[in-house]
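J.: sequence plus the predicted model coming up.
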Amino acid sequence: MSTVRDTENVVRQPAEWMQPVDDRILEIFREHGNLTPAAVEEFGGPSSSHASRRCKKLARHGLLEQIVTGLYTITDDGEAYLDEELDASELE
């Protein structure tokens, strides 16, 4: 039996250092897997230069992991944040 999650009423707990676009970036990673900032832009995220800065910041705080230079993946903490199971301010 599959569980359907109500994403319309998601109330995540972002940290002070986070920007509203960070949720969208993390959602793109969850949906598409390992990506570069340019791919984030192609999938509807911010410009590749802005995505690059945000990916670095998200990786510093453990929501993304840098696989190699310029290639990132979402972490278990990133997934937990999106699922409202982690308060991102705990990562500071």
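T.: Arrived safely.

J.: need the contact list for the spatially most central residue of the chain.
T.: Central residue of the chain (CA atoms, centre = their mean): residue 26, 2.0 Å from the mean position. Contacts for residue 26 were tallied using CB atoms under 8 Å, 6 or more residues apart in numbering; they are 58, 63-64, 74, 78, 81-82. Any C-beta I mention is one placed from the backbone N, CA and C, and that applies to glycine too.

J.: let me see the ranges of the helices in the chain.
T.: Here the chain has its helices, by DSSP state H, at 20-32, 37-42, 48-60, 76-82.

J.: any weak-confidence spans in this structure?
T.: Within the chain, the stretches with pLDDT under 70 are 1-10, 92.

J.: how close does residue 17 sit to residue 44?
T.: Residue 17 sits 23 Å away from residue 44, going by CB to CB, to the nearest Å.

J.: neighbour count for the two, which is higher?
T.: Taking other CB atoms under 10 Å, residue 17 and residue 44 do not tie; residue 17 has more neighbours (14 against 10).

J.: for that one, give its distance to residue 37.
T.: Counting by CB to CB - residue 17 and residue 37 are separated by 18 Å.
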